[in-house]
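**Student:** pasting the structure only:
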């Protein structure tokens, strides 16, 4: 038997990269924790300089993670954190004083052009600029005053998964250190990584089953509130980019402020229910959606407490603030299985590339 | 002929209230300008107290208007304005220092429960609280330190139109006064009201024609950037709540960061193109959507500069920042005409009431 010396390896089957990276998330979280000292040092420096206004910038999944950062900084050190407008400064040249702030620039590749421009501008204006990236040799690392590694490792699938969960953990860690609770957060993230590892195999099987009844879904609302609004945004984005579902994230309150009028039996509603202060509002929004005829998919730590057709519960982590590290997994896995049920390759969605250079 | 003494008046035909309120917008804007002195006084008080961090809170259309406020305050006085999280303080009890801020609470009715709770909390914490409402006798007016009238007049249709445009104008006026440009803004809004009045009759006819090819649309992206992202959000909400279209607002950049992969020939993209610094990014996003097979509806001041199937241009107002007062009108009118084409009553969408008391 002769084997051609230049035979290319078989390309991986559709979805193999995405699934491998979903499965790798517990290990990626543990890698991040090896850098906890760096996170503690940045939190101390920010506190020492009195930089308690946090401006987060990023696109796509990174911007979704920033939605979580609002709660991490608000609930742990009590700092005001905002998803800042990139275009206001970079395109429109607004002369906003960024000097008293800490800027957290979120970019997997560290090469997103307008994030870089924002950081350069903010740094020149006196902001304390911090790059959070998977690539310590990137342009972002060069542009920011300090770089914190995301340590998710190379991400090959176009749809981000392990980078997103590591961004959540990075923001929780930084916020926890700013609140003087570094060790507690490290332990809690480590325990959450263990819970995720135990959870994933069962979820894979459940998501594959759920892909069958949802095979022809064209549109969906994904509702969550508080820290879980980030999860609603991220699950929607995964379903949009890998499965072509017009999935729209809404807070529970925003749903009943208007969009509930669009619901019918062909408009399922994914509800992320957490066992926290938002549960009554989320339960009420789910009831309204069901009354309007929607099929309900319920995930989260309080999934069993909300009536619905399909349930994808996740366990309770040591800190309620860390539930989004677990509750995104059902959405990631449904995106993976639903894409395959539809004959789409979730590793390479049409029209996308891994690093978006568009401005 | 005997007429029963208790005969109720005929209910207005479906859409009559919404159309009347869309048409009333120029008059509503002029009513707002009668209160310019009050806006100037609040802007002076905020500046005198050094309150240059603006926290805006509201739901639905009010929150969409807040997206515009980010640009109005950023571009005119150079203040940082943010859509603050209501749930962070009100549900989760985060102890964020709101004391150094000015709070702008946006509520048509002045009765939105969690907006009221946020204002009470912020005022107790030392924030300068300002209520912007149509109802000067509302609970919000009682809870806030100062109330500024929106002066849109009674709004009967469930879907907000004239309240939204008056909220935009109110935020522009307050920001302009904060920049020492009160008179200029008053004149510019007045001129914009005139332009809107000239524009509406033609747009009504165009929207009615456009409802025919779009009659069966199930999903849509609406893209805009900078100040026009608020318009993208508001047009999406109108289409969702009155026409049951799964319309999702995206910035031009966010579209190419993932959701573009969902586009096909049955997924039209509404593009709001303004003759400003964002035009190259918007044009590029529109091109990518078209390459993916999307039908393009293009509105805005630069509509004619972006290739597409349908064009709904609006004129250029005296200040580029005021284009959203005009560019929302094509979306309002399409929602009105498309609802009728679908046999829906846009005045009374199913499952909604005018004042949302949900939390």
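**Tutor:** That came through, no problem. Everything numeric here is computed off the predicted structure, so don't read it as measured data. Residues are numbered from 1 along each chain as shown, chains lettered A, B, ... in the order given.
**Student:** for the stretch 201-350 of chain A, what spans make up the strands?
**Tutor:** According to DSSP state E, counting those that start in this stretch, the stretch 201-350 of chain A carries its strands in the segments A:219-223, A:246-250, A:269-272, A:296-300, A:310-313.
**Student:** and the first one with chain B, contact?
**Tutor:** Yes. Strand A:219-223 reaches chain B (CB under 8 Å from any CB of the partner chain) through residue A:219. Where you see a C-beta, it was placed from the backbone N, CA and C, and this is true even at glycine.
**Student:** again, but for the second one
**Tutor:** Yes. Against chain B, strand A:246-250 shows contacts by CB under 8 Å from any CB at A:246, A:248.
**Student:** Enumerate residues external to that strand that contact any of its residues.
**Tutor:** Outside strand A:246-250, the residues within contact range by CB atoms under 8 Å, 6 or more residues apart in numbering or on different chains are A:218-224, A:229, A:232-233, A:235-237, A:239-240, A:259, A:270, B:218-219, B:246, B:248, B:262, B:267.
**Student:** now swap in stretch A:134-153 and tell me
**Tutor:** If you take CB under 8 Å, 6+ apart as the criterion, stretch A:134-153 is touched by A:24, A:28, A:31-32, A:34-35, A:38-39, A:42, A:45, A:103, A:105, A:107-112, A:115-116, A:119-120, A:123, A:128-133, A:154-155, A:162-163, A:165-167, A:170, A:174.
**Student:** Give the buried subset of the residues you listed as a PyMOL selection command.
**Tutor:** The following PyMOL line selects those of the contacts of stretch A:134-153 that are buried, judged by 16 or more other CB atoms under 10 Å in any protein chain shown:
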select buried, chain A and resi 24+28+31+32+38+39+42+103+105+107+108+109+110+111+112+115+116+119+120+123+128+129+130+131+132+133+155+162+163+165+166+167+170+174
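**Student:** Restricted to strands, list the contacts of stretch A:134-153.
**Tutor:** Using DSSP state E, the members of the contacts of stretch A:134-153 that fall in strands are A:103, A:105, A:128, A:129, A:130, A:131, A:132, A:133.
**Student:** Most widely separated two among those residues?
**Tutor:** For these, the maximum inter-member distance is 16.5 Å, found between A:128 and A:133 (CB to CB).
**Student:** What sits closest to residue A:33 if chain neighbours are left out?
**Tutor:** Nearest non-adjacent residue to residue A:33, counting by CB to CB, 6 or more residues apart in numbering or on different chains: residue A:186, 5.5 Å away.
**Student:** And for the one you found, the neighbour number?
**Tutor:** Residues near residue A:186, counting by other CB atoms under 10 Å in any protein chain shown, number 19.
**Student:** can I assume it is in contact with residue A:32?
**Tutor:** No. Between residue A:186 and residue A:32 there is no contact under CB atoms under 8 Å: 9.7 Å.
**Student:** hey, what's in contact with both of the two?
**Tutor:** Residues within reach of residue A:186 and of residue A:32 at once, by CB under 8 Å, 6+ apart, are residue A:173.
**Student:** helices and strands of chain A: which one has the lowest mean pLDDT?
**Tutor:** The weakest-scoring helix or strand in chain A, judged by mean pLDDT, DSSP states H and E, is helix A:252-256 (a mean of 89).
**Student:** Is there proximity between that one and chain B?
**Tutor:** Yes. Using CB under 8 Å from any CB, helix A:252-256 reaches chain B at A:253, A:254, A:256.
**Student:** Off-centre distance for that helix?
**Tutor:** 21 Å (CA atoms, centre = their mean, to the nearest Å).
**Student:** Which strands or helices does it pack on?
**Tutor:** Counting by 3 or more CB pairs under 8 Å, 6 or more residues apart in numbering or on different chains; DSSP states H and E, the packing neighbours recorded for helix A:252-256 are strand A:219-223, helix A:279-291.
**Student:** what are the pairing partners of the shortest one, and which direction each?
**Tutor:** Going back to what we said before, that points to strand A:219-223. Strand A:219-223 has its sheet partners listed here by DSSP bridges as strand A:246-250 (parallel), strand A:269-272 (parallel).
**Student:** Would you reformat these as JSON lines and include distance to residue A:334?
**Tutor:** JSON lines is the format used below for the strands paired with strand A:219-223 (distance: least, CB to CB, whole Å):
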{"stretch": "strand A:246-250", "distance to residue A:334": "10"}
{"stretch": "strand A:269-272", "distance to residue A:334": "9"}
